[in-house]
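> Fold the following, please.
(one chain, ligands or ions: 1)
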Amino acid sequence: MIKQTFAVIGLGRFGSSVCQTLINAGAEVLVIDKDEARINAFKDIATQAIIADAQDESTLKSIGIRNFDHVVIAIGEDIQASILVTLMVKELGVKYITAKAQNEYHARVLVKLGADKVVHPERDMGTRIGKNLLSRNMLDYLDLSSDIKVAEIKITKNSFVGASLASLEFRKKYALNVIAIRHDKKIDISPAPSDALILGDSLLVVGYQKDVDYFNSLMDQ
Ligand code: ATP
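Coordinates of the predicted model:
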């Protein structure tokens, strides 16, 4: 497999975490930040670590940013810098750009400029935690798209205990696909239709938001 090359611009909490994950996975990662202390934290572990203002187009050109497979623009607070850097990186011909947005307007501009993926880590994590706070049985929650969700929901109803996914006609009745069942610390990632559910098991399901919400509301009753 050909190794992908990444450049991460901005080493705040988000950029650093993305970077560390890529490095741990053995990827080649170039990091850029204008703050020397932040670069120092990565200079021994990243493939290349550069102290520079990424708004300087000549710097981006001289490091050959266009040759990277994937550029992550993780500048958050300075929206003007984030926009300008996205514009320049796009114009220089980078194949795939992921950019972090501070808010919806910022996200719209980044999409217009050609960012391939726009992420909102604070908003998404807030939604995830909020869902978890709202329902004691919704253990985790993830957006796949605006209306398709993945959720982990705890089985609390006696009527489900001892029943199997097949006998419950789970997919037909609840319009959800069960992708895993968690029983204590053990996670079964290929649940059989005949597996009986136990009180306290949780189901990892994927489906439309309304169906996820309906099934969760049954467990909350
Ligand atoms: P997080 O929430 O991930 O901590 P943030 O949204 O607070 O990040 P910032 O602190 O604004 O984002 O920026 C993240 C990093 O990007 C900082 O380390 C900052 O030094 C760096 N940065 C900001 N602007 C530039 C720039 N023009 N060139 C290079 N690095 C930059």
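> drop to CA atoms for contacts and neighbour counts, all remaining ones
Fine.
> okay, now the nearest residue to L113 once chain neighbours are set aside: neighbour count?
In this structure, L113 finds its nearest non-sequential neighbour in L87, 5.9 Å apart by CA to CA, 6 or more residues apart in numbering. By the criterion of other CA atoms under 10 Å, L87 has 18 neighbours.
> Quick check: the gap between L87 and G15.
Counting by CA to CA, to the nearest Å, the separation of L87 from G15 is 19 Å.
> T59 too?
Distance, T59 to G15, by CA to CA: 19 Å.
> Which of those two has more residues huddled nearby?
Taking neighbours as other CA under 10 Å, T59 and G15 compare with G15 leading, 21 against 14.
> which non-adjacent residue is nearest that one?
Residue nearest to G15 in three dimensions, not counting chain neighbours: A74, with 5.2 Å by CA to CA, 6+ apart.
> Quick check, pLDDT for the one you found.
Note on A74: pLDDT of 97.
> can you check D188 too?
On pLDDT, D188 comes in at 93.
> just G126 next, same as before
89.
> neighbours around it, how many?
G126 has 12 neighbours, counted by other CA under 10 Å.
> wait, the residue nearest to G15 sits on I97?
No: using CA atoms under 8 Å, A74 makes no contact with I97, being 10.6 Å away.
> Quickly note the distance from the residue nearest to G15 to the ligand.
A74 sits 6 Å away from the ligand, taking CA to the nearest ligand atom, to the nearest Å as the criterion.
> gap between that residue and V212?
Noted for A74: a distance of 32 Å to V212, by CA to CA.
> same thing with A192?
As judged by CA to CA, A192 and V212 stand 21 Å apart.
> More neighbours: these two, which one.
The neighbour count for A192 versus V212, taken as other CA under 10 Å, is higher for V212 (23 against 14).
> Next up, identify which helix or strand the more buried one is on.
Taking DSSP states H and E as the criterion, the element that holds V212 is helix 209-220.
> Which secondary structure elements does that helix sit against?
Counting contacts by 3 or more CA pairs under 8 Å, 6 or more residues apart in numbering; DSSP states H and E, helix 209-220 packs against strand 148-154.
> Can you pull out the residues in contact with the helix or strand following the strand it packs on?
The first helix or strand that comes after strand 148-154 along the chain, using DSSP H and E, is helix 170-174. Applying CA atoms under 8 Å, 6 or more residues apart in numbering, the external contacts of helix 170-174 come out as L176, N177, V178, D211, F215.
> Stretch 35-44 now?
Contact with stretch 35-44 is made by L11, G12, V31, I32, D33, A49, I50, I51, A52, as judged by CA under 8 Å, 6+ apart.
> and that stretch, anywhere near the ligand?
Yes: residues of stretch 35-44 contacting the ligand under CA under 6 Å from any ligand atom: D35.
> That stretch: which residues count as buried?
For stretch 35-44, the buried set under the neighbour-count rule, 16 or more other CA atoms under 10 Å, comprises R38, I39, F42, K43.
> between those residues, which is nearest the ligand?
For the ligand, the closest of the buried residues of stretch 35-44 turns out to be R38, at 6.1 Å, with distances computed as CA to the nearest ligand atom.
> Alright, that wraps it up for me.
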